[in-house]
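In: need a 3D model of the sequence below.
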Amino acid sequence: MQTIHHLFLAVVLSASWSAEALGGTPGADVAGERCEAAVAETIHEMRGNDRQVEFVHARRSVQPPVNDEKKVKGEGTYRGTNGMVHPFTFSCAYNAKSGTTSGVVFRDVGATRADTDARWQPDLSTLRPEACESSVAAVLKSKYPRVGRIAFGSDSRKLRPAASGRTGMEGQGSVQRAPGMNLIAFSYLCEFEPRTGKVVLARTTP
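Out: Numbering: from 1, shown residues only. Prediction:
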């Protein structure tokens, strides 16, 4: 009888280990679902409640917890009333201890709208709008330590010449300064080093 009990326990432990190895742990599922729900809510607040939001679960990744927080990244699409489909990427933090989400960031995936002034043409091969938005998100997190959600409008991106031969990118977004607070609008500016595309300046207003 004791042998059967030990065999049953070994089978259970093996099944549990296999689920974790495949990334299908209940904790990972909860973190992913909670973050996707927070992202969908943010998109509805930013783009309108009529948006149909879908997530690509195969592209979702959940990192191991650090201080009870799991970082979730993924992709999805939302469809407007005009039928157009807009792809996006997102990141989010889920606190397993409190069951809350924070640091929600989603980005529309689209082409950067550049100035068409024939006298000035930026080198688009080295520019990464995502690098600018990540730097801006870091500035906002420093300004608002309890920041909840951050959203960037890709259709507001605009390139322009900056000092010392740099390329500037400006745009707009919304930030939730702390969980439970209303989203407020902000504008931002980044400057890229022309040769490497490195972000050398990032600031927000307000």
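
In: for the rest of this, base every contact and every neighbour count on C-alpha atoms.
Out: Noted.

In: quick one, what contacts the residue lying closest to Lys198 once chain neighbours are set aside?
Out: Closest residue to Lys198 apart from its sequence neighbours, by C-alpha to C-alpha, 6 or more residues apart in numbering: Phe192 at 5.3 Å. Listed by C-alpha atoms under 8 Å, 6 or more residues apart in numbering, the contact partners of Phe192 are 127, 166-168, 198-201.

In: try Tyr78
Out: Neighbour list for Tyr78: 51-54, 85-88 [criterion: C-alpha under 8 Å, 6+ apart].

In: ok, these vs Ala40, which is closest?
Out: Of all those, the one sitting nearest Ala40 is Val53; the distance, using C-alpha to C-alpha, is 6.3 Å.

In: may I have the phi/psi pair for the nearest residue to the closest one once chain neighbours are set aside?
Out: Spatial nearest neighbour of Val53, chain neighbours left out: Tyr78 (4.3 Å); criterion: C-alpha to C-alpha, 6+ apart. Torsion angles at Tyr78 (phi, psi; degrees, to the nearest 10) stand at phi -130, psi 140.

In: what segments of the chain are strands?
Out: Assigned by DSSP state E, the chain shows strands spanning 52-55, 61-62, 69-79, 85-95, 100-108, 149-152, 158-161, 167-176, 183-192, 199-205.

In: partners of the first one, with directions?
Out: The sheet places strand 52-55 alongside strand 69-79 (antiparallel), with pairing taken from DSSP bridges.

In: just the last one next, same as before
Out: Here strand 199-205 has these sheet partners by DSSP bridges: strand 183-192 (antiparallel).

In: what ranges of this structure fall below the confidence cut-off?
Out: 1-27, 81-83, 110-120 (pLDDT under 70).

In: got the domain ranges for it?
Out: 24-109, 110-206 (automatic domain parsing).

In: comparing the strands of the chain, which comes out most buried?
Out: Highest mean neighbour count among the strands of the chain (mean count of other C-alpha atoms under 10 Å): strand 149-152, with a mean of 26.

In: so which elements touch the longest helix along the chain?
Out: Longest helix in the chain by number of residues (criterion: DSSP state H): helix 26-47. Other helices and strands packing on helix 26-47, by 3 or more C-alpha pairs under 8 Å, 6 or more residues apart in numbering; DSSP states H and E, are strand 52-55, strand 61-62, strand 69-79, strand 85-95, strand 100-108, strand 149-152.

In: let's have the ones you listed in CSV, adding distance to Leu183.
Out: What follows is the helices and strands packed on helix 26-47, written out as CSV (distance: least, C-alpha to C-alpha, whole Å):
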stretch, distance to Leu183
strand 52-55, 19
strand 61-62, 26
strand 69-79, 20
strand 85-95, 16
strand 100-108, 12
strand 149-152, 8
